[in-house]
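> what follows is a predicted protein model with its sequence.
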Amino acid sequence: MDWMAWTWPTAIFFIVIACTLITFTFLAIKFPETPRRGVLGMETTRGDRLFITLLGSAFINLAWLGIVGANQPYALIVCLVYAVAVFRWV
């Protein structure tokens, strides 16, 4: 595939996203849930919170690249803290 520079980090990223979606699908089938109301004032499910986490993490990483530079492992730590907060309070 010459049209995209596939690297191991890129492949791992997409594999993790796919595994996460598969896991959340099985969780939704095995343990159906009722939406809950968090600090945003709207009802969210696990899938909604996953989407909010992924979208917010993308913005965190873009901002990190623009402000700090290419030292992305620390951005991952910020994203993990953000994900825990979203799943806990949103």
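Perfect, thanks for sending it. Numbering: from 1, shown residues only.

> name the helix or strand for the nearest residue to Gly56 once chain neighbours are set aside, please.
Leaving aside its chain neighbours, Gly56 sits nearest to Tyr82 (5.7 Å; criterion: CB to CB, 6 or more residues apart in numbering). From N, CA and C alone the C-beta is placed, and that goes for glycine too. For Tyr82, the host element (DSSP states H and E) is helix 73-89.

> may I have that helix exported as CSV, CA atoms only?
The C-alpha trace of helix 73-89 is given here as CSV (Å, rounded to 0.1, in the frame of the first residue of the first chain):
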residue,chain,number,x,y,z
PRO,A,73,3.4,9.9,25.3
TYR,A,74,2.5,12.7,27.8
ALA,A,75,-0.6,13.5,25.8
LEU,A,76,-1.6,9.9,26.2
ILE,A,77,-1.5,10.3,30.0
VAL,A,78,-3.7,13.4,29.7
CYS,A,79,-6.1,11.5,27.4
LEU,A,80,-6.3,8.6,29.9
VAL,A,81,-7.1,11.0,32.8
TYR,A,82,-9.7,12.6,30.5
ALA,A,83,-11.3,9.2,29.7
VAL,A,84,-11.5,8.3,33.3
ALA,A,85,-13.3,11.6,34.1
VAL,A,86,-15.7,11.2,31.2
PHE,A,87,-16.7,7.6,32.1
ARG,A,88,-17.0,8.6,35.8
TRP,A,89,-18.9,11.9,35.6
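
> helices or strands up against it?
Using 3 or more CB pairs under 8 Å, 6 or more residues apart in numbering; DSSP states H and E, the elements in contact with helix 73-89 are helix 46-67.
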